[in-house]
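In: What follows is a predicted protein model with its sequence.
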Amino acid sequence: MASSAGHLPVMLDEALAMLEVRPGGRYLDGTVGLGGHALAILEASAPDGRLLGTDADPEALSAAGERLAQFEARATLRRCWLDQSAAVVADTDMAPLDGVFCDLGVSSMQLDIAERGFAIRVEGPLDMRMGPSDEREAVTAHEIVNEWPSTELANLIFEYGEERRSRRIARGIVERRPIATTTELAQAVVDAIGMRPGARIHPATRVFQAIRLEVNRELERLAAFLEQVRGMLRIGGRLVVIAFHSLEDRIVKRFLSEQSTGPTPSFRTLTRRVMRPTVDEIERNPRARSARLRAAEAI
Ligand SMILES: C[S@@+](CC[C@H](N)C(=O)[O-])C[C@H]1O[C@@H](n2cnc3c(N)ncnc32)[C@H](O)[C@@H]1O
């Protein structure tokens with residue numbers, strides 16, 4: 001996943017088409033990351049389109065800043081969590097927006113830097129925080145892995161990892177404590193449930209996903225963010241979300257189906273069926289494999 005191909009923005013053509021990016025448009029990219037999608041949005045909205053890019057991760061923002069420097073005042077970057085982005089938009093002169101975009105999950109940079117503790121196969125500390133390390137409220141992966149009671153750990157792995165063997169894994173982790181690094185955690189999982197020969201994904205993938213979602217409260221923030229989006233958009237403005245696993249996608253799907261039905265709908269769903277990347281794109285960029293795109297228009 002953390003290959004150089006991971007730097008390619010996922011489902012880019014589909015995202016631009018669904019956002020209906022146009023010259024002069026104003027857009028929010030709520031997970032600007034390394035600025036791949038943002039750059040394309042700025043190009044497609046030239047000469048005078050504007051983009052506000054936000055991200056929880058200060059390191060992502062500085063990478064995006066370098067990449068988007070050529071656009072000068074057309075690009076504005078701010079550090080915040082998704083569920084704080086409405087307040088940040090309100091603080092600019094950009095609302096109402098023509099489009100709101102997000103491409104959820106971890107960036108290839110976060111996976112590539114061992115110290116961030118996101119990668120299964122690279123030895124690093126158990127961290128997984130997307131936000132700045134001095135954020136007071138944040139728990140780290142280390143705390144969850146080493147301090148949570150076995151039952152709570154099992155529930156987390158079951159719920160956020162959608163992993164059936166959660167109890168066995170949680171017991172294996174507890175027996176192995178103290179666990180200091182990502183690779184030790186991955187090994188504890190392998191020892192608990194084994195390694196299927198020829199398996200496409202590492203057996204600890206779901207466990208890492210579960211811990212990461214909890215550390216960053218990603219699902220909670222996504223749901224809160226979606227509730228704020230209608231208030232940021234003009235009528236006819238577009239919402240486009242790329243999710244990478246069924247938990248995220250379910251939240252987007254439920255939100256859109258609730259908001260597009262009933263007596264006072266606020267969105268019209270544009271993707272009756274979820275959009276998936278083409279076989280070609282998956283070949284070029286394996287990270288795209290699990291992407292799911294949904295889009296809607298504000299009404
Ligand atoms: C997949 S990357 C985005 C990549 C970007 N579209 C690009 O082309 O370079 C996801 C980014 O979203 C950020 N992120 C994920 N969940 C977030 C949340 N709830 N609030 C703020 N940022 C979040 C991560 O820090 C990461 O930088």
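Out: It's in.

In: alpha carbons only for contacts and neighbour counts from here, please
Out: Will do.

In: now for the strand ranked longest in the chain, which elements pack on it?
Out: Ranked by residue count, the top strand of the chain under DSSP state E comes out as strand 233-243. Applying 3 or more Cα pairs under 8 Å, 6 or more residues apart in numbering; DSSP states H and E, one finds that strand 233-243 contacts helix 12-19, strand 97-103, strand 292-298.

In: what sits against residue 35?
Out: Each residue near residue 35 by Cα atoms under 8 Å, 6 or more residues apart in numbering is listed here: 63-65, 67-68.

In: what's the closest of the residues you listed to residue 147?
Out: residue 63 (33.9 Å; Cα to Cα).

In: in terms of contact, does that closest one touch residue 36 like I think?
Out: No: the pair residue 63 and residue 36 does not pass the contact test of Cα atoms under 8 Å, sitting 10.4 Å apart.

In: The ligand contacts on the chain?
Out: The chain has residues 9, 31-37, 55-57, 60, 80-82, 103-107, 130, 218, 221 near the ligand, with proximity defined as Cα under 6 Å from any ligand atom.

In: possible to save the helices and strands packed on strand 233-243 as TSV with mean pLDDT and distance to residue 204?
Out: Formatted as TSV, those follow (pLDDT from 0 to 100; distance: least, Cα to Cα, whole Å):
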stretch	mean pLDDT	distance to residue 204
helix 12-19	98	29
strand 97-103	98	23
strand 292-298	98	22
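
In: Kindly reformat the ones you listed as JSON lines and extend each row with mean neighbour count.
Out: Formatted as JSON lines, those follow (neighbours: other Cα atoms under 10 Å):
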{"stretch": "helix 12-19", "mean neighbour count": "18"}
{"stretch": "strand 97-103", "mean neighbour count": "25"}
{"stretch": "strand 292-298", "mean neighbour count": "24"}
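
In: how about these in JSON lines, adding distance to residue 143?
Out: Shown next, in JSON lines, are these (distance: least, Cα to Cα, whole Å):
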{"stretch": "helix 12-19", "distance to residue 143": "37"}
{"stretch": "strand 97-103", "distance to residue 143": "27"}
{"stretch": "strand 292-298", "distance to residue 143": "31"}
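
In: any weak-confidence spans in the protein?
Out: 1-6, 136 (pLDDT under 70).

In: per-domain residue ranges of it.
Out: Following automatic domain parsing, the chain resolves into domains at 4-109+218-298, 114-216.

In: ok, the closest residue to residue 46 other than its chain neighbours - contacts?
Out: What sits nearest to residue 46 in space, not counting adjacent residues and going by Cα to Cα, 6 or more residues apart in numbering, is residue 23, at 5.1 Å. Applying Cα under 8 Å, 6+ apart to residue 23 gives the contacts 44-49.
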